[in-house]
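Quick one: sequence and predicted model below, then my questions.
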Amino acid sequence: MNTVIQEQIALCCKTLKLNQAIAQTCFEIEGSNNQEYLLNVLRLEIEGREERRRNRLLKGAGFYSMKTFEGYSFEGIRIPDSINVDDIKEGRFIEKKENLILYGNVGAGKTHMAIATGINACGKGYRVGFYRTAALVNLLNEKKKGGMLGSLMKKLMDLDLLICDEWGFVPVDRDGAQLLFQVVSEYYERKSLIITTNLEFSKWVNVFYSEQMTNAMIDRIIHYSHLLLFERDSYRTENSLMRKS
């Protein structure tokens, strides 16, 4: 291995803002001619950049745990004809600026599906944000009081997919409801949402107080949404250690 050449390659990589790993692997890359060798080097750089971007997207999404569709059962989930399992896994609804509403019992796998869908979306280069809804509302209130609401709204609007987990689990105050409505309004026809909830639409007013605002929020959310009904029992209850003892 020519150390001088390797150092010069490393310097060129630094100047061109390329992956420094090229300097380490360039002597291992093969090619039948100079052009093929260069093509293989460039492909390696592209693959590295895509991998680093995926890792950044995953880190920035805010998932509190990593979930995949490996071993995930769709049994007991009623999926409308307007979408299929592959559309969900591949994130095709994001391209169309559509939403998913995952409704059903606590512990039925709604959050698992939401996270797995979000992780797959990150793998395809989509920008995803995962929030428990109550935490998002608190953050919106906090940023508004601190005069930083604009920066948070910009961050949310930079996303391709916003996941609001545990929607309606905790009642929100009037200011929080208005701010959440603002987010939903900004996302309408422009971005995609995934909402997980065990609260039927008719009871949303008990969480968001204003019937008029609640109806307007529901109207915007369901217009381009697919409603998935989780009609199975809690997975955690069915598989708990206490139940087996």
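Thanks, I have the structure now. Residues are numbered from 1 along each chain as shown.

Please work out how many residues are found near the closest residue to D158 other than its chain neighbours.
Leaving aside its sequence neighbours, D158 sits nearest to R127 (C-beta to C-beta, 6 or more residues apart in numbering; 6.2 Å). All C-beta atoms are positioned from the backbone trio N, CA, C, and that covers glycine. Using other C-beta atoms under 10 Å, R127 has 17 neighbouring residues.

V184 versus R127, what's the distance?
Here R127 is placed at a distance of 18 Å from V184 (C-beta to C-beta, to the nearest Å).

any weak-confidence spans in the protein?
1, 234-245 (pLDDT under 70).

so where do the strands sit in it?
77-78, 99-104, 128-132, 161-165, 192-197, 225-230 (DSSP state E).

which other residues reach the third one?
Outside of strand 128-132, the residues within contact range by C-beta atoms under 8 Å, 6 or more residues apart in numbering are 57, 60-64, 114-115, 118, 121-122, 139, 155-156, 159-166.

strands paired with it, and their directions?
strand 161-165 (parallel) (DSSP bridges).

orientation of the strand it pairs with relative to strand 192-197 in degrees?
10 degrees (axes from the mean of the first three to the mean of the last three C-alpha atoms, to 10 degrees).

Okay, buried residues for strand 161-165 please.
Of the residues in strand 161-165, L161, L162, I163, C164, D165 count as buried by neighbour count, 16 or more other C-beta atoms under 10 Å.

farthest-separated two in the residues you listed?
With C-beta to C-beta as the measure, no two of those lie farther apart than L161 and D165, at 12.7 Å.

got the domain boundaries for the chain?
The chain breaks down by automatic domain parsing into domains covering 3-60, 77-244.

Tell me which of the ones you listed is the most buried.
Each of the domains of the chain was scored by mean neighbour count; the highest is domain 77-244, a mean of 17, by mean count of other C-beta atoms under 10 Å.

circling back: switch the buried residues of strand 161-165 over to JSON lines, and while doing so, append distance to L18 to every line.
As requested, the buried residues of strand 161-165 are exported to JSON lines (distance: C-beta to C-beta, whole Å):
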{"residue": "L161", "distance to L18": "30"}
{"residue": "L162", "distance to L18": "33"}
{"residue": "I163", "distance to L18": "34"}
{"residue": "C164", "distance to L18": "39"}
{"residue": "D165", "distance to L18": "39"}
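
Looking at those residues, which is nearest Q212?
Nearest to Q212 among the buried residues of strand 161-165, counting by C-beta to C-beta, is C164 at 20.9 Å.

Ramachandran angles for K96?
phi -90, psi 0 (degrees, to the nearest 10).

Let me see the ranges of the helices in the chain.
In the chain, the helices defined using DSSP state H lie at 3-16, 21-25, 34-61, 85-90, 92-95, 110-123, 133-145, 149-157, 174-187, 205-208, 211-223, 235-238, 241-244.

Of all those helices, which one comes closest to I101?
Among these, the nearest to I101 by C-beta to C-beta is helix 211-223 (7.0 Å).

Relative to T196, which of the helices of the chain is closest?
Closest among the helices of the chain, using C-beta to C-beta: helix 110-123, at 4.0 Å.

Return the distance of that closest one from the chain's centre.
Its chain's average C-alpha position is 6 Å from that of helix 110-123, according to C-alpha atoms, centre = their mean, to the nearest Å.

for stretch 67-83, same thing?
Computed by C-alpha atoms, centre = their mean, the chain-centroid distance of stretch 67-83 equals 17 Å.

Now tell me what touches it from outside.
85, 88-89, 93, 98, 100, 104, 108-109, 111-113, 115-116, 119-120, 226-232.

Sweet, I'm off.
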